[in-house]
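Trainee: A predicted structure for the sequence below; I have some questions about it.
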Amino acid sequence: QGDRNVPLEEMRVAPDDAVMQIGPTTIRNLELVRCSADNKRRGSLLHLLDRTRTAMGGRLLQQWLLYPRLDLSEIQVRHERVNALVARPAIREELRSALDGVRDLERLTTRVLTQIATPRDLAALAMSLDRIPPIQALLTDSDSMTLRELAQGLDPVVEAAAAIRETLVDEPPPTLKDGGVIKEGFDADLDEWIRIGREGKAWFLEYAEALRRETEITSLKIRYNQVFGYFIEVTKANLHRVPDTFLRKQTLANSERYYTPELKEYEEKVLSAQDRRVSLELALFENLRQSLAAHADRIRATARHLAAVDVLAGLADLAHRQRYVRPEMHEGSEIALEDARHPVIETLMPAGEFVPNDLHLDAETRQLVVITGPNMSGKSTIMRQVALAAIMAQMGSFVPAASARI
């Protein structure tokens, strides 16, 4: 971006033998991320699997789906964590509730690093970091070792959240252009300019009241706009009462606008205070934004772990609701599915109408099966559901079957 250095994370290259190779044709035919009928997300496997509560979790889920793992131990760790969350519905629901409202920490961090984060971005960052300790506590206090291990990667980066809360007002405006971003009491110089501006508004009210008494123009008002600044407004019906000390500023259809030397002098003082306030707030905000950049690596690491928690909790919720089973994973060639279902199609049919089926293949005794039947009888459904079961199992999900050995 021009002369601005945009910091990138270190690129990590996954070796080809670390993930299942799924080509674009397979992704399309299995409808992993898009439905082939209308090229929309609804009707795809991703749409079914996505129970995530955060944008980070949603991106990670798609990554897991398109790059299923080949390392047996890594797959089993994911299954163990999903299993722990299936077995503990109270923790699972509390986790998912705690994740609600967590903003996109990855993108917020990038906005901080590129120095384009707005006041509301920083408020969202602090709010999201504040939600991490309760999530940590849920996992740490669990009786499951695998869930306690999952908590170890979460870092609430309390220094960053504290710096934001100490500096910004509780509900900052979207931009810095009008000030009102930095909390009173944070900086003595800023407090002084805020005081001048606040007293200035009171002065205008008192001055308008004094002019109404002097001129007996009860409808007289002091108004402000960005073009003309502060001015005295008098309706046409009261022009005969306007004193000579009023200097004409603008003529309108139904009123005249004036100013006085006294009004002009105080206007310059108040507007100068506002300009200085905004200028100082901008400097203080930029200092905060730069200080937060030092915590970027920690926040990004926490975002990755939080995304994994979100994905695992979502997969556990899906497994519980759809009666999925934990697959038995091994390094041999056998795949054995009992009462298997197509995960997407079964949800599109009335409950209980999808007919489950069994399949058993291995490299030693049964390398081939022949599936026969008329058109629209479900031959391709069976073939696709076997592929989906393998992909789901190796991404870390449970599978739609009574039992599965893959």
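Mentor: Good, I have the coordinates. These figures come from a predicted structure and were not determined experimentally.

Trainee: any idea of the mean pLDDT for stretch 386-398?
Mentor: Per-residue pLDDT over stretch 386-398 has a mean of 97.

Trainee: next, the buried residues of it.
Mentor: By neighbour count, with 16 or more other C-beta atoms under 10 Å as the criterion, the buried positions of stretch 386-398 are 386, 388, 389, 390, 391, 392, 393, 394, 395, 396, 397, 398. C-beta here means a position set from N, CA and C on the backbone, and glycine is covered the same way.

Trainee: name the helix or strand of the chain that has the lowest mean pLDDT.
Mentor: Among the secondary structure pieces of the chain, namely its helices and strands, helix 188-215 has the lowest mean (mean pLDDT, DSSP states H and E), a mean of 88.

Trainee: secondary structure class for residue 377?
Mentor: Secondary structure, DSSP: H, G, I helix; E, B strand; the rest coil: residue 377 is coil.

Trainee: do you know the pLDDT at it?
Mentor: On pLDDT, residue 377 comes in at 86.

Trainee: that one and residue 221: what is the separation?
Mentor: For residue 377, the distance to residue 221 equals 81 Å [C-beta to C-beta, to the nearest Å].

Trainee: now do stretch 124-135: everything it contacts.
Mentor: Counting by C-beta atoms under 8 Å, 6 or more residues apart in numbering, stretch 124-135 makes contact with 95, 98-99, 101-103, 105, 108-109, 112, 117, 151, 154-158, 160-161, 164-165, 168, 292, 299, 302, 306, 309, all of which sit outside it.

Trainee: for the protein, list the residue farthest from the centre, please.
Mentor: For the chain, the largest distance from the centre (C-alpha atoms, centre = their mean) belongs to residue 240, which lies 60.8 Å off.

Trainee: re the thing from before, now the contacts of stretch 124-135: which count as buried?
Mentor: Buried positions within the contacts of stretch 124-135, assessed by neighbour count (16+ other C-beta under 10 Å), are 95, 98-99, 102-103, 105, 108-109, 112, 117, 151, 154-157, 160-161, 164-165, 168, 292, 299, 302, 306, 309.

Trainee: which among the buried residues of stretch 386-398 gets closest to residue 68?
Mentor: Distance to residue 68, by C-beta to C-beta, is smallest for residue 394 among the buried residues of stretch 386-398, at 3.6 Å.

Trainee: next secondary structure element downstream of the helix or strand that contains the closest one?
Mentor: Secondary-structure element containing residue 394, defined by DSSP states H and E: helix 379-395. Under the assignment DSSP H and E, the closest C-terminal helix or strand after helix 379-395 is strand 403-405.

Trainee: buried set for the helix or strand harbouring residue 320?
Mentor: The secondary structure element spanning residue 320 is helix 296-322 (assigned by DSSP H and E). Taking 16+ other C-beta under 10 Å as the neighbour-count basis, helix 296-322 is seen to contain the buried residues 296, 299, 302-303, 305-320.

Trainee: one step back: more neighbours: which of residue 377 and residue 221?
Mentor: Residue environment comparison for residue 377 versus residue 221 gives the larger neighbour count to residue 221, 14 against 11, counting by other C-beta atoms under 10 Å.

Trainee: so what's the more buried one up against?
Mentor: Counting by C-beta under 8 Å, 6+ apart, residue 221 touches 208, 232, 233.

Trainee: now do residue 72
Mentor: Residues in contact with residue 72 (C-beta under 8 Å, 6+ apart) are 329, 330, 331.

Trainee: who wins on neighbours among those residues?
Mentor: Neighbour tally across the contacts of residue 72 (other C-beta under 10 Å): the maximum, 15 neighbours, falls on residue 329.

Trainee: relative to residue 168, how far out is that residue?
Mentor: Distance from residue 329 to residue 168, counting by C-beta to C-beta: 48 Å.

Trainee: find the nearest non-adjacent residue to residue 340, please.
Mentor: Nearest-residue entry for residue 340: residue 401, 4.2 Å, with adjacent residues in sequence omitted and distances by C-beta to C-beta, 6 or more residues apart in numbering.

Trainee: I figured the one you found hits residue 341, correct?
Mentor: Yes. Checked against C-beta atoms under 8 Å, the pair residue 401 and residue 341 is within contact range at 6.9 Å.

Trainee: what do the two both touch?
Mentor: residue 356.

Trainee: orientation of the helix ranked longest in the chain relative to helix 296-322 in degrees?
Mentor: Determined from DSSP state H, the single longest helix within the chain is helix 261-293. Helix 261-293 and helix 296-322 are oriented at 70 degrees to each other (axes from the mean of the first three to the mean of the last three C-alpha atoms, to 10 degrees).
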